[in-house]
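Undergrad: what follows is a predicted protein model with its sequence.
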Amino acid sequence: MIELHYWPTPNGKKVTILLEELGMPYRIVPANIGRGDQFTDAFLKIGPNNRMPAMVDTEPTGGGAPISVFESGAIMMYLAEKAGRFWPQDLRGKYEVTQWVMWQMANQGPKSGERGHFSRVPPEMGDQSYAQRRFNDEVHRLYGVLNNRLYDRRYIAGDDYTIADMISYPWTAGWKQQGIDLGEFKYFKRWFEELSERPALQRGMAVTAGEPEDPASITPEEQARRRKLLYNQRARPAPAE
């Protein structure tokens, strides 16, 4: 059984798409990132970067103690390798996929996240025009990278649908909010529309983590606690010896 510590964000949905595509049994363990569940000591044991998702495989291949994995790309590699699907293991095929998984983790996800962050900064925090322009342009550039990659191949890594496609899709599902004109990226548009029709991908994108929290139920004191916990984080001290 796979235990997925999850919240329905693009990073979480990467993994649920793969799990649904594999038909692999899994259990969602809600990790409410708005409340700060990712900063608990229990979560820190499996997700030392205090970021969701994190996974525990209670029945690893070969037996033995449960295995925990953090970072969405690493989780997807683990699951695909375990199942023997969506990540070829021959040298050329493996690294054709791996490089695009790394591209998503290092570029598409972080830059799209920064774009979203700076687009929501309230006016009282000062002029954000440089940051907004910087990340708007970078997200646009990355759509171009995908578009150029897909002009002569069906999927990101070639003829076969792989974890490279699954990991990249969720961060493009919000293309309207990202200010992207799909007419400008016709090869990406073809890929996006094809993937959007996959039933397992649809199920993975629809996975929730329980009822959404009512913002009106959060007291001012709790709001203040969360702001202090979630923003302007600095290094945590190492555990005392």
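TA: Perfect, thanks for sending it. Numbers count the residues shown, from 1 in each chain.

Undergrad: what's the local residue count around Leu146?
TA: Look at Leu146: counted by other C-beta atoms under 10 Å, it has 21 neighbours. The C-beta positions use only the backbone N, C-alpha and C, and glycine is treated the same way.

Undergrad: now do the same contact list for it.
TA: Leu146 sits next to Gln108, Ile156, Ser168, Thr172, Phe185, Phe188, Trp191 when contact means C-beta atoms under 8 Å, 6 or more residues apart in numbering.

Undergrad: and which of those residues is nearest Ile17?
TA: Proximity of the contacts of Leu146 to Ile17 (C-beta to C-beta) peaks at Ser168, which lies at 10.5 Å.

Undergrad: mind giving me the packing neighbours of the helix or strand bottoming out on mean pLDDT in the chain?
TA: Least confident helix or strand of the chain, by mean pLDDT, DSSP states H and E, is helix 220-230 with a mean of 86. If you count contacts as 3 or more C-beta pairs under 8 Å, 6 or more residues apart in numbering; DSSP states H and E, helix 220-230 packs onto no helix or strand.

Undergrad: where along the chain do the helices fall?
TA: Using DSSP state H, the helices of the chain run over 10-22, 41-44, 72-83, 91-103, 109-119, 129-150, 163-168, 186-196, 199-206, 220-230.

Undergrad: mind checking pLDDT for the spatially closest residue to Gln89 that is not a sequence neighbour?
TA: With sequence-adjacent residues excluded and distances taken as C-beta to C-beta, 6 or more residues apart in numbering, Gln89 is closest to Glu81, at 7.3 Å. Listed pLDDT for Glu81 reads 97.

Undergrad: can you check Ser112 too?
TA: 96.

Undergrad: sorry, back to before: got the CA positions of the least confident helix or strand of the chain in CSV?
TA: Provided in CSV are the C-alpha atoms of helix 220-230 (Å, rounded to 0.1, in the frame of the first residue of the first chain):
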residue,chain,number,x,y,z
PRO,A,220,-7.6,36.1,13.3
GLU,A,221,-5.3,34.4,15.8
GLU,A,222,-5.0,31.3,13.6
GLN,A,223,-4.4,33.4,10.5
ALA,A,224,-1.6,35.2,12.3
ARG,A,225,-0.1,31.8,13.4
ARG,A,226,-0.2,30.5,9.9
ARG,A,227,1.4,33.6,8.4
LYS,A,228,4.3,33.4,10.9
LEU,A,229,4.8,29.7,10.1
LEU,A,230,4.4,29.8,6.4
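
Undergrad: before we move on, the earlier item: which of the helices of the chain sits most buried?
TA: Comparing the helices of the chain by mean neighbour count (mean count of other C-beta atoms under 10 Å), helix 163-168 comes out on top with a mean of 28.

Undergrad: who does that one touch, helix- and strand-wise?
TA: helix 10-22, helix 72-83, helix 91-103.

Undergrad: flag the shaky bits of the protein, pLDDT-wise.
TA: Low-confidence segments of the chain, defined by pLDDT under 70: 241.

Undergrad: I figured the residue nearest to Gln89 hits Val97, correct?
TA: No - contact criterion C-beta atoms under 8 Å: Glu81 and Val97 do not qualify, at 11.1 Å.

Undergrad: that older thread, as a markdown table, the helices and strands packed on helix 163-168 with distance to Gln223 would be great.
TA: Shown next, in a markdown table, are these (distance: least, C-beta to C-beta, whole Å):
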| stretch | distance to Gln223 |
| --- | --- |
| helix 10-22 | 23 |
| helix 72-83 | 28 |
| helix 91-103 | 36 |
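
Undergrad: looking at those, which is closest to Gly47?
TA: With C-beta to C-beta as the measure, helix 72-83 is the member of the helices and strands packed on helix 163-168 nearest Gly47 (10.5 Å).

Undergrad: hey, what's the angle from that closest one to helix 91-103? Just curious.
TA: 150 degrees (axes from the mean of the first three to the mean of the last three C-alpha atoms, to 10 degrees).
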